[in-house]
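Trainee: this one's sequence-less:
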């Protein structure tokens, strides 16, 4: 079922990514994707197969999957939604865009109802999503700054502890990690930047479930 074409909205094909809630085998709350973005779909009519569909940022999907935001709120937080009336095939669907303020709240999940991971298959999906989310959101957004000493910067970002594992798969870089008595994990890795060797030190000052990540990057030859 994953990868099945679900909708065509504004010229973009949306394919099934993951069913989050189903009823007697029918997906009623699920994730879709086009080539770049995530969408959340809610079945509002099980007989006619009509849907409410919204586009959501990866951060919102992460919050949804981890129960940090109620299922109805990820819909209400958007400025607009699409109402989809199913045709005999996707190309024959009727798609109407509305402002979210006009949405009938009675069709939404119950207030404060949050998504919960209940199966091993779902846990695997959430873990895979987390790996991709953190590798793209944090590591790939790193932008070095050049200074008089060659190469240096300092970045501070908030990082949930569950996403630390995303930083352990960085190809052929060399690593060295240790814990200090103050519960600070330091990880060093080296890589080539142009014709120079660089070194990064990642410090994680960790609490029970989250930590702060600091990147201090310097010229290894210095």
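Mentor: All right, it came through fine. It should be emphasised that the depicted structure is a prediction, and the values quoted were computed from it without experimental measurement.

Trainee: what number of residues lie near the spatially closest residue to residue 28 that is not a sequence neighbour?
Mentor: Spatially, and ignoring its direct neighbours in sequence, residue 28 is nearest to residue 43 (4.2 Å; Cβ to Cβ, 6 or more residues apart in numbering). In this view, the C-beta of every residue, glycine as well, is placed from N, C-alpha and C. Residue 43 has 21 neighbours, counted by other Cβ atoms under 10 Å.

Trainee: One more: residue 114?
Mentor: Neighbour number of residue 114 under other Cβ under 10 Å is 17.

Trainee: Residue 2 too?
Mentor: By other Cβ under 10 Å, the residues close to residue 2 number 10.

Trainee: Can I take it that it is in a helix?
Mentor: No - assignment of residue 2 by DSSP: H, G, I helix; E, B strand; the rest coil gives coil, placing it outside any helix.

Trainee: Now do the strands in this structure.
Mentor: Applying DSSP state E to the chain gives strands spanning 5-9, 12-23, 26-33, 38-45, 50-56, 80-85, 94-99, 153-160, 174-179, 184-193, 196-206, 210-219.

Trainee: follow-up on the earlier one: what sits against the residue nearest to residue 28?
Mentor: Applying Cβ atoms under 8 Å, 6 or more residues apart in numbering to residue 43 gives the contacts 26-29, 49-51.
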